[in-house]
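Engineer: give me coordinates for this.
(one chain, ligands or ions: 2)
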Amino acid sequence: MSRLAQWCSRVFMVEINQKTEPIYFALSSTPSARNKELEALFGSGKLFSVHALGDDRVQSARSHAHLKSALTEDLPPGCQLLDTASFLPDVKNSLVRGFFLRDNSVLSSAERVVTHLRQKGSVCVFTYTRGQNGDYLCSDEADEPAERERRYYVTPAPAPLRHPSTLNIINSDVFYQMKDAYKVLQECSDVIPESKAVLELVEAQQLELNSIHDERFPVIVIEGLDATGKTTLTCSLQKALGAVLLKSPPQCLAHLRPRFDSEPPLIRRAFYALGNYITAAQIARESSHAPVIADRYWHSTAAYAIATAVSGREENLPAVGSEIYEWPHDLLRPSMVLLLSVSPEERLRRLSHRGLDKTEEESQLEINHLFRRKVDEAYKRIQNPACIVVDANPSPDHVLQQVLGLIRNKYNLQTPGH
Ligand SMILES: Nc1ncnc2c1ncn2[C@@H]1O[C@H](COP(=O)(O)OP(=O)(O)O)[C@@H](O)[C@H]1O
Ligand SMILES: Nc1ccn([C@@H]2O[C@H](COP(=O)(O)OP(=O)(O)O)[C@@H](O)[C@H]2O)c(=O)n1
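Structural biologist: Ligands and ions are numbered 1, 2, ... in the order given. Sure thing, here's the model as predicted:
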């Protein structure tokens with residue numbers, strides 16, 4: 001079967017604007033009636049779909065990221081790059097991400113970029129042109145000559161029940177047991193040597209974990225978007241309760257973080273997932289003699305990963321109660337998770353006062369209200385344990401008293417010296 005014929009079972013999704021519904025289409029051997037949405041997508045220029053090829057998931061993920069930067073850097077004026085994905089409707093793990101390159105330039109400049117990519121190999125390119133009857137036709141110039149003569153028409157497809165960007169989350173963006181995240185870093189240890197250091201740290205902690213008894217003191221996790229006051233509150237709680245303060249990712253991974261932050265989601269998220277298991281071992285150890293306060297933990301890992309993976313609007317998130325929001329069965333569960341919530345205006349005010357460097361993702365939060373809403377909503381949907389939302393708009397002392405009230409209500413903890 002030709003390459004293009006294999007894609008006939010798949011549906012393509014193109015997002016022209018994250019705020020609006022994506023456009024769905026399929027390839028068929030019969031033409032279809034004219035369709036306004038498709039006309040809006042194709043316009044009058046030429047269109048190419050490009051996706052990276054790879055022998056394994058690590059290589060595919062890295063090739064996709066390289067392709068994105070190559071296309072963005074070489075984008076000629078008058079051309080537009082759109083995120084796209086193809087998938088089998090409602091079939092888990094069937095999503096393949098790629099790009100649409102729309103060429104409305106006078107000189108058909110995108111064609112030169114695409115030809116260059118084809119020559120370099122490891123990409124699959126389909127070309128879309130307008131037929132005499134106004135239909136849109138898809139062809140693959142790399143296919144055998146006989147196949148190139150066959151006609152594949154672009155036909156509109158219905159929106160699937162589950163938003164396609166949710167199909168691959170499990171084990172690509174969120175990991176539900178340590179061994180799944182561990183495997184990802186094992187698979188990339190040749191191309192990212194720092195992975196070995198992470199794996200060694202995880203192993204050392206796991207060995208130690210086997211000799212630790214069940215925790216006795218409460219373990220309280222503080223969650224929230226950047227600048228919601230986590231650092232301020234966790235430091236005050238540490239003093240007020242005579243607690244041990246821990247972080248996820250743990251300090252021992254801090255120097256490796258920039259390396260993994262620059263990698264595609266599969267690798268980056270596996271790194272943060274493993275960070276939680278190292279923090280879990282530290283929690284188990286410390287909670288045998290004092291209360292523990294943790295600045296971020298699993299809720300952060302899952303909520304940011306889900307919100308990044310799911311494109312478009314908040315409504316595209318997996319529904320409440322989905323298995324995506326379940327806690328990993330092998331990860332230590334905290335006694336209480338508090339989510340600091342501040343209004344967008346107050347959060348921006350705090351960010352601007354702080355004036356520190358922000359991670360790329362955090363600066364995206366500032367401009368991307370949609371993304372922030374998705375992170376916040378995903379935080380609230382995570383279960384077992386779910387988080388308790390705390391109004392963190394008032395003064396630091398007011399927030400501290402509010403949280404101490406919640407903790408004491410549940411655990412009858414004494415403030416040192418009282
Ligand atoms: N309750 C509060 N009211 C006003 N400003 C606050 C409050 N809590 C923290 N801040 C300020 O907001 C900024 C971000 O707080 P921080 O604790 O660093 O947040 P995070 O750790 O969540 O990123 C800091 O400048 C801090 O002094
Ligand atoms: N437990 C954690 C902590 C952070 N993270 C990631 O780290 C980023 C936020 O960490 P950060 O250090 O900028 O946040 P602050 O703790 O500085 O507010 C998020 O974008 C998450 O993707 C994670 O995945 N899991």
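
Engineer: tell me the mean pLDDT over stretch 35-42?
Structural biologist: Averaging pLDDT along stretch 35-42 gives 84.

Engineer: now swap in stretch 146-166 and tell me
Structural biologist: pLDDT averaged over stretch 146-166 gives 89.

Engineer: what do you get for stretch 338-347?
Structural biologist: Rounded mean pLDDT across stretch 338-347 is 93.

Engineer: off-centre distance for it?
Structural biologist: With CA atoms, centre = their mean, to the nearest Å as the basis, stretch 338-347 stands 21 Å off its chain's centre.

Engineer: same question, stretch 44-51
Structural biologist: A distance of 26 Å separates the C-alpha centroid of stretch 44-51 from that of its chain, computed with CA atoms, centre = their mean.

Engineer: where in the stretch 251-400 of the chain is pLDDT low?
Structural biologist: For the stretch 251-400 of the chain, the stretches flagged by pLDDT under 70 are 355-367.

Engineer: ok, which residues in it are in contact with ligand 1?
Structural biologist: Arg350, His353, Arg354, Ala392, Ser395, Pro396, Val399 (CB under 6 Å from any ligand atom). In short, each C-beta sits where N, CA and C put it, glycine included.

Engineer: now do the strands in the stretch 151-300 of the chain.
Structural biologist: Using DSSP state E, counting those that start in this stretch, the strands of the stretch 151-300 of the chain run over 152-156, 219-223, 244-247, 292-295.

Engineer: dump the ones you listed into JSON lines; add distance to Gly275 as well.
Structural biologist: Listed next are the strands of the stretch 151-300 of the chain as JSON lines, based on distance: least, CB to CB, whole Å:
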{"stretch": "strand 152-156", "distance to Gly275": "44"}
{"stretch": "strand 219-223", "distance to Gly275": "14"}
{"stretch": "strand 244-247", "distance to Gly275": "9"}
{"stretch": "strand 292-295", "distance to Gly275": "12"}
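
Engineer: looking at those, which is nearest to Ala303?
Structural biologist: Checking those against Ala303 by CB to CB gives strand 219-223 as the closest, at 8.0 Å.

Engineer: so what touches the closest one?
Structural biologist: The contact list for strand 219-223 (CB atoms under 8 Å, 6 or more residues apart in numbering) reads 230, 233-234, 237, 243, 283, 287, 291-297, 299-300, 303, 332, 334-340, 379, 387, 407.

Engineer: just stretch 94-110 next, same as before
Structural biologist: Stretch 94-110 is contacted from outside by 10, 14, 41, 43-52, 64, 67-68, 71, 76-88, 111, 113-114, 124, 164-165, 167-168, using CB under 8 Å, 6+ apart.

Engineer: can you rerun that using 7 Å?
Structural biologist: Residues outside stretch 94-110 that contact it (CB atoms under 7 Å, 6 or more residues apart in numbering): 14, 43, 45-51, 64, 71, 76-88, 111, 114, 164-165, 167-168.
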